[in-house]
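**Q** Need coordinates for the below:
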Amino acid sequence: MSGTLDTLMAAWPMLWRAIRSGQLFRPQCDLYPSDESIVAEYDVRIPMPQGHYLTANVFRPGNSGSSPNPTVMCAHPYDNRKIPALKNTPFGGPPAQYRLIPQAGGHPRFSTLTSWESPDPGFWTSAGYNVVNLNLPGFANSGGTPTIFSEDQGQSFREAIQWVSEQPWSDGNIGLCGVSFLCISQYFAAAVPSGQTLPDALKCMIPWEGVSDLYHDLVCRGGVADTGFLNFWWHTEVKECINTPIEAYLDAEEAIPAELLDRHPFYDHFWQSKVPALDHITIPMLVGASFSDHELHTTGTFRAYEKASSNKKWLYTHRNGKWSEFYHPECLALQRRFMDHFLKGIENEFADSPYVRLEVRTDRDTIKEVRKESSWPLPQTQYQSYFLADNELTLSARSNEAVLSYPADSGQASFDRFFDADTELSGYMMAKIWIEVRPTSIHTGIPDDAIVCCYVEKLDKYGNPLRFNGSVGSQTDVLTRGYCRASRRALDPSLSTPWLPVITGDRHQPLNPGDIVPLHIALCPSSTYFEAGEGLRLTLSTNDTVHAPIFNKVTHDNIGRHVIHFGGQFDSYLLVPRIPAVDLS
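**A** Alright, predicted model coming up:
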């Protein structure tokens, strides 16, 4: 019951908005009828070595005759039969999510053969490709044991890839494609564990926005638990698709997703087993990464791009909604050029294109520039430290020590900085904050922890905050954000960089009275342009004050007062990635 209540509380703002706006009955997407010549085969059984079958929908071009074609493939737990063409969606329309989640940046358009977050068979068959939409083990009508974020899913996906490559309608060239979980499943398929081999048929992949470390990206980011999204995801998208008794799932996974943190509060072997070996990915990649999905996929997608070992990997950045961008005609054309080159062997301009497509925004609705870059993070980045002072950020730290405090249950502090010249910030920000917790007469206990929610906003020339697109359709997001729990502040020196701290998550370090400790708060990557006179605001808060619906950070352990130390020996600062202006003279 508590999970249901948590789900309702997390989803209610989005549901109420959908009701008030009428989106519940007018979904924010556009369907087009599928070509009647497309050859569609449903519930195709793919044998697994364990003796069970996985099921797939197979779509083939109708005008190809008996000639084999390359294949675009995806895999997920969402039931591939939930498509408008089979009348298995609400009112025979698009997948239900388009009635609930607002679509930032325009309405996606796809054919009636398209399931949630999957490649559109209407588009790909018209381009001369087969499309295979696979149900992962234990979901929908696939056999096997249901798991999530697991090597078992990766191995099953690879077995299915091998089977597809051997079919008479396949020419033996396969590329992967899909959004969110359909991105994550690609990581596990392509990141082959040591001692195993990748199917020769798997030539390339288009992973579009997906976490790559469940614990650090979502479940306990910065050591701060989130109880909203996983409850919502489980109850609205996953639970109903499991085709075995729930006990089989629990035997494999120990608990439903939202309860896993109770069983495994630290980053242990369980969570590590849910991280694909990204450095084992060697095939060409076209990675779709947004600056807008800060509560969910942004960090994990950039991590996947940076850690993959492929020497042919491209990064497409944007700050729209993930679905509107994935299905946008310009983006589909890019995806096709990628597949044409690596699956069909066509020598097109894609092979020689720069590796990074960078979108720089001035605000939610204004793109300042789209340009090509050679790598990410940008090699020309000049990191600048802005030091905390009395409600402002300064170029140099004050010589004498000072403090600023606020109530730990409902307080915050903000620090502003305005630019005297046009400025671009593209890359990772990081906040280093020295903090102490003190008791108050209101609370009987002595506080031994502190949870800090950290936000960076863009300010116009009058000091008003400007908003950006955010997670799950939010259109009122900040520039970037991050979180940190003081008792989980320990950093992993082998993974951390000066601009991207990585906590270990494997230990508890409570604060003692009088302790003043540094928090290194990782902030999601972003790309933003500031005109002279505009600025930014760093806010440190005890609560998730800039809330994104269906996400729910647990901050009730905050008691007493938070005391921020700066100046003198306490180098509290915000690190920003300045990009020098290009001299066109």
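
**Q** For the nearest residue to A421 once chain neighbours are set aside, the count of nearby residues, please.
**A** Excluding the flanking residues, the one nearest A421 by Cβ to Cβ, 6 or more residues apart in numbering is A532, at 5.2 Å. Quick note: C-beta positions are derived from backbone N, CA and C, even for glycine. Around A532 there are 11 other residues, counting by other Cβ atoms under 10 Å.

**Q** list the buried ones in the lengthiest strand in the chain?
**A** Longest strand of the chain, by residue count under DSSP state E: strand 423-438. Buried positions in strand 423-438, judged by neighbour count with 16 or more other Cβ atoms under 10 Å: 423-437.

**Q** of those residues, closest to V44?
**A** Y428 (43.8 Å; Cβ to Cβ).

**Q** Contact partners for the closest one?
**A** With contacts defined as Cβ atoms under 8 Å, 6 or more residues apart in numbering, the neighbours of Y428 are 377, 499-500, 522-523, 525, 577.

**Q** again, 7 Å this time
**A** Each residue near Y428 by Cβ atoms under 7 Å, 6 or more residues apart in numbering is listed here: 377, 499-500, 523, 525, 577.

**Q** So in the protein, where's the weakest helix or strand by average pLDDT?
**A** Sorting the helices and strands of the chain by mean pLDDT, DSSP states H and E puts helix 2-21 at the bottom, at a mean of 75.

**Q** all strands for the stretch 101-250 of the chain, in order.
**A** 109-111, 130-135, 170-179, 202-208, 220-221, 224-225 (DSSP state E, counting those that start in this stretch).

**Q** for those, which one sits closest to K274?
**A** strand 220-221 (12.4 Å).

**Q** List the contacts of the residue nearest to A421.
**A** Applying Cβ under 7 Å, 6+ apart, one finds that A532 lies in contact with 419-422.

**Q** Pull out the buried members of these.
**A** Those of the contacts of A532 that meet the buried threshold are F419, by 16+ other Cβ under 10 Å.

**Q** The contacts of A532 into JSON lines, with extra columns for distance to T197, secondary structure and pLDDT?
**A** Putting the contacts of A532 into JSON lines (distance: Cβ to Cβ, whole Å; DSSP: H, G, I helix; E, B strand; the rest coil; pLDDT from 0 to 100) gives the following:
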{"residue": "F419", "distance to T197": "52", "secondary structure": "coil", "pLDDT": "98"}
{"residue": "D420", "distance to T197": "57", "secondary structure": "coil", "pLDDT": "97"}
{"residue": "A421", "distance to T197": "54", "secondary structure": "coil", "pLDDT": "97"}
{"residue": "D422", "distance to T197": "51", "secondary structure": "coil", "pLDDT": "97"}
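
**Q** I'd like the contacts of A532 laid out as a markdown table, including distance to D120.
**A** Shown next, in a markdown table, are the contacts of A532 (distance: Cβ to Cβ, whole Å):
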| residue | distance to D120 |
| --- | --- |
| F419 | 42 |
| D420 | 48 |
| A421 | 45 |
| D422 | 40 |
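
**Q** any idea which of the contacts of A532 is closest to A201?
**A** The nearest one, if we look at those relative to A201 and count by Cβ to Cβ, is D422, at 49.3 Å.

**Q** Which helix or which strand is home to the residue of the chain most remote from its centre?
**A** Here the chain reaches farthest from its C-alpha mean at S441, the gap being 41.6 Å by Cα atoms, centre = their mean. Following DSSP states H and E, one finds S441 outside all helices and strands.
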